[in-house]
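1. my questions are about this predicted structure, shown below with the sequence.
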Amino acid sequence: MDLPALSVVVPVFNERDNVAPLVDEITAALRGRLPFEIVYVDDDSKDDTLQVLQSLKAANPELRVLHHASQSGQSTAVRSGVKAARAPWIATLDGDGQNDPADIPKLLAARDAAAPQVKLFAGWRVNRQDSGSKRWASRWANAIRARMLRDDTPDTGCGIKLFERDAFLDLPYFDHMHRYLPALMQRAGWKTVSVPVNHRHRTAGVSKYTNFGRALVGIRDLRGVAWLIARSRRTAAEEL
C-alpha cells in the first residue's frame, strides 16, 4: 500500500452528529489532490461517536479510527493521532466542524511556497463565529500569550494547522500543548507562518470547555511554556 502524503488528524469527544459531515468535507477537499488518510482519535466518548466512526469506514477507505481507553484530553488525542499517522505532514482539525476542511489546500499551498525552515502553518480565524464572550476571552488570552511568549502568532487556539510530523514529535509533550505549537516550534529553532482561514458556527453538540476553565489552565500553561523557552538552548540543524 502506498504511503499517504498527508494525514488529517481529528480528535473527538462526544461529537457523534459532527463526524459524518466532517469526514465528507475532508474527502471532498482532498480526493484527487494528493494521497491522504484521515485519522480520527476518539477520546473515550460517552455517546456513540466511536460506533458512528466505525460505520463510516466502509465508504471511506482513507478513514482510520483510534480509541482511547480513558479520556485523556485533546493534546493527548492529537499526539496519539500524529504518532499513528503514516504521512510526513499532518493537518489537524477540531472535531466540532467549526474548522473548514476546504482550507487544508490553502495551508498546503502556503507550505509549498515557504522556505524549508517553516515547519508549522497555523490557521488564523479572521472571522470568528463564536459567542461574544468567547471571542473576548480569546482576545484577552492571545494578548497575554503574545506578551509572554513573543511567538508572533495572532491565533494559536485555531484547531486547523499543518505541520511536519517529525518536528512535532520532537517537541516537549504536556497537556494542552496543542495551544502553544507556534511557540514550541520556534523554541525548537523552526519558523512558523499564520494563514487566514474560515471559521464556522457549531451546528451540533456543545462545547466541552468554559471560558473560566480555559483561563485557569492557560495561566499555568503560559508560565510553563515561558519557562521552557527561557531554559532552551536548542536550534534547528539541517544537513548541508
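-> Great, that's in hand. All values reported here derive from a predicted model rather than from experimental measurement.
2. what about the strands in the chain?
-> For the chain, the strands defined by DSSP state E occupy 6-12, 36-42, 63-67, 89-92, 118-125, 161-164, 191-197.
3. partner strands of the third one and their direction?
-> Right, the one you point to is strand 63-67. strand 36-42 (parallel) (DSSP bridges).
4. identify the residues contacting the strand it pairs with?
-> 4-13, 19, 23, 26-27, 30, 49-50, 53, 60, 62-68, 77-78, 80-81, 84-87, 95 (Cβ atoms under 8 Å, 6 or more residues apart in numbering). No exception for glycine: its C-beta is placed from N, CA and C like everyone else's.
5. quick one: that strand to strand 6-12, angle?
-> 20 degrees (axes from the mean of the first three to the mean of the last three Cα atoms, to 10 degrees).
6. low-confidence ranges, this protein, go.
-> 1, 128-148, 150, 205-220, 224-225, 227, 232-240 (pLDDT under 70).
7. which residues in it form helices?
-> In the chain, the helices defined using DSSP state H lie at 16-30, 49-56, 74-84, 104-113, 132-149, 165-169, 181-187, 211-230.
8. neighbouring contacts of the shortest one?
-> Contact partners of helix 165-169, identified using Cβ under 8 Å, 6+ apart, comprise 7, 82-83, 85, 87-90, 119-120, 181, 185, 188, 190.
9. out of those, who's nearest residue 174?
-> Closest approach to residue 174 among the contacts of helix 165-169 (Cβ to Cβ): residue 181, at 12.0 Å.
10. any idea how many residues pack against the closest one?
-> Residues lying near residue 181 (other Cβ atoms under 10 Å) number 24.
11. ditto for residue 59
-> That count, for residue 59 with other Cβ under 10 Å as the rule, works out to 11.
12. and if you look at residue 157?
-> The number of residues packed near residue 157 is 19, by other Cβ under 10 Å.
13. same check, this time on residue 126
-> 12.
14. could you find the closest non-adjacent residue to it?
-> residue 196 (4.7 Å; Cβ to Cβ, 6 or more residues apart in numbering).
15. pretty sure that neighbour is touching residue 124, no?
-> Yes: the pair formed by residue 196 and residue 124 meets the contact definition of Cβ atoms under 8 Å, at 5.1 Å.
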